[in-house]
Structures are given as structure tokens and as C-alpha cells.
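Enquirer: Pasted the sequence and its predicted model underneath.
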Amino acid sequence: MTATGAPLRRRLPRIPDRFAALGAVIIVIVVLASLLAPWLAPYPDDPNPLESLQPPSAAHWLGTDKVGRDVLTQILYGGRTSLFIAAAVLAVSAVVGVTLGVVAGYAGGWIRDMIMRVTDVFLAFPALLLSLALAVVLQPGVNTVVLAIAVTWWPWYTRLAASVAASISTRSYVDAARCLGVPAPLIILRHVLPNSLTPVLVQISLDAGGVILTAAALSYLGLGAQEPTAEWGLMVQQGQTLFTTNWWVVTFPGLAILVTAFAFNVLGEGLRNALDPRRAVK
């Protein structure tokens with residue numbers, strides 16, 4: 001390779017990670033299928049005892065459950081619930097965590113110490129155990145799952161945002177803004193916060209799969225979504241006793257959880273690799 005070849009190669013855009021692209025395609029398909037469930041579902045989301053536990057066939061592609069509901073229909077509607085929980089948890093966690101983290105990273109001193117000590121208290125508890133404790137105390141349901149998981153998730157974003165914001169607050173353009181007398185809240189909104197979002201967005205894409213798995217676990221234990229709401233973890237819980245005789249009732253919802261979580265994980269890894277400046281210059 002010539003002397004100018006390496007710099008030229010560094011200026012060229014990186015080839016997208018194939019697994020990340022595959023993950024993005026899967027996520028788009030899952031999101032669209034869930035949003036369009038009322039139009040794509042082959043049957044109404046209602047019990048039909050006359051067709052209970054029908055195996056996969058041309059009439060019911062993924063079979064039916066023990067009360068005669070079409071499994072494909074349940075998966076489509078369950079995707080809406082699972083994705084809503086993931087989106088709500090990540091939105092609440094990111095807003096609370098990033099706000100506290102950016103303030104802590106920029107202000108420093110006793111403000112940072114106070115915020116980070118509260119964060120450490122939450123991080124001291126195992127996330128799933130704390131979510132289970134909150135879900136047991138509160139009324140089971142979708143809103144309970146969102147609250148229980150968000151309470152355990154926001155500290156990670158606080159730590160991440162605080163670290164990034166502390167680094168950005170020492171940059172020359174931030175010092176210039178201070179010298180010009182720009183108020184601290186305006187500096188945070190215009191300079192610190194926008195430049196702190198890239199690692200947070202990558203972390204959100206990595207965490208989405210974990211939130212879906214945690215929500216499914218809570219529903220599996222009877223602490224999450226309740227009948228008649230369709231949710232993947234609840235479907236697995238309802239079909240677990242039928243696995244040896246009617247395998248499709250539990251297998252297909254489990255595959256939906258597995259594939260969706262895998263897609264979010266590989267997409268997040270791809271985004272992290274693409275946005276990591278240390279990898280970009282290799």
C-alpha cells in the first residue's frame with residue numbers, strides 16, 4: 001500500500017457491520033408487524049374453545065393455545081406490549097439518568113458527589129431482585145413493569161452521562177462559553193447535553209434487548225402483564241406446562257423474545273463499533 005493509501009482508506013466510510021444490518025432489519029420487521037397487528041393478525045384476539053391446541057397448519061400457521069387463540073395473532077399483539085414496555089422503560093431511564101448525569105458531570109463538587117452517592121445506592125441492589133421486589137409490592141400490570149424496571153435502569157445512564165459530561169465540560173468551547181458569561185443551564189443545553197448523547201444512544205440500543213428479557217421474566221412470574229393483555233413472557237408462562245405435548249404454544253413466543261433481543265444486541269454492538277473513534281482510525 002502506498003504512503004497515501006492509508007490516509008485515504010481512513011477517510012472512506014466504514015463498511016456497515018453485516019450482523020448490525022441484519023439486526024436493524026429484524027427490528028424494523030418486528031416493530032412494523034407489531035404496530036400493524038390489527039391489520040396483519042389473521043384472527044381476532046379472542047378465545048375460541050372449539051379450536052384449542054390446534055397444531056401449526058394452513059389455517060393457523062403457528063397453531064392455537066389452550067383457549068383457542070391463534071398463536072401468531074397473540075405474538076403480533078404481544079409484540080406491541082413488549083416493545084411498549086421497552087420503549088417506556090428506556091425513555092424514562094434515559095431522561096432521568098441523563099439529566100442527573102449531565103448536571104453531575106458539569107457541576108462537579110458536592111453536587112456530583114450527592115448525585116453519584118444516590119446512584120450508588122441503587123446500583124448496590126441486583127437489578128432483577130429490586131424489580132421483583134417493586135413488582136410484588138405494586139399491582140401487577142404493564143405500568144408496574146415499566147416502573148419497576150425503570151427504577152433499576154436509570155442509574156446506569158447517570159453514570160455514563162456523568163462520565164461523558166465531565167470530559168466535555170473541560171473542552172475549550174465550553175471554557176469559551178463560560179468566559180463569555182453564558183449561563184450554566186444554557187451551556188448544558190447547547191454544548192454538554194448534545195455532545196453527551198452519542199454514547200447514551202448506543203447504550204439504549206444495547207439495553208433494549210435486556211429490558212425485553214426482564215419484562216418477559218416478570219410477566220412469566222405473574223408480576224407483569226395480565227390477561228387479557230397479550231405479552232410474550234405471559235405467553236411463555238401460559239404454555240410452559242404444554243411443552244412436551246403442544247410444543248408450539250411456548251416455542252414461538254420464546255423465539256420471538258430470543259430473536260428480538262438478539263437483534264437489539266447486534267445492532268447495539270454495530271453502533272458502538274461504528275461510533276467508537278478509536279476503531280474508526282484503525
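Expert: Nice, thanks for sending it over.
Enquirer: average model confidence for stretch 195-205?
Expert: For stretch 195-205, mean pLDDT is 89.
Enquirer: Equivalent analysis for stretch 170-183, please.
Expert: On average, stretch 170-183 scores 86.
Enquirer: now Ser82: how far from Val151?
Expert: 19 Å (CB to CB, to the nearest Å). Every C-beta, even on glycine, is put in place using the N, C-alpha and C of the backbone.
Enquirer: what helix or strand is the residue found closest to Ser167 once you drop the neighbours it is linked to in the chain on?
Expert: Spatial nearest neighbour of Ser167, excluding adjacent residues (CB to CB, 6 or more residues apart in numbering): Gly105 at 7.8 Å. Secondary structure assignment for Gly105, by DSSP states H and E: helix 71-107.
Enquirer: List the buried residues of that helix.
Expert: By 16 or more other CB atoms under 10 Å, the buried positions in helix 71-107 come out as 71-86, 88-90, 92-94, 96-107.
Enquirer: what do you get for stretch 243-263?
Expert: 246, 248-254, 256-257, 260-261, 263.
Enquirer: and if you look at stretch 30-40?
Expert: 30, 33-34, 37.
Enquirer: Give me the distance from that stretch to the chain's centre.
Expert: Relative to its parent chain, stretch 30-40 has a centroid offset of 19 Å by CA atoms, centre = their mean, to the nearest Å.
Enquirer: From the rest of the structure, what touches it?
Expert: Contacts with stretch 30-40, where a contact means CB atoms under 8 Å, 6 or more residues apart in numbering, come from 73, 76-77, 79-80, 83, 256, 259-260, 263.
Enquirer: what's the span of that stretch, first residue to last?
Expert: 12 Å (CA to CA, to the nearest Å).
Enquirer: With that, I have no additional questions.
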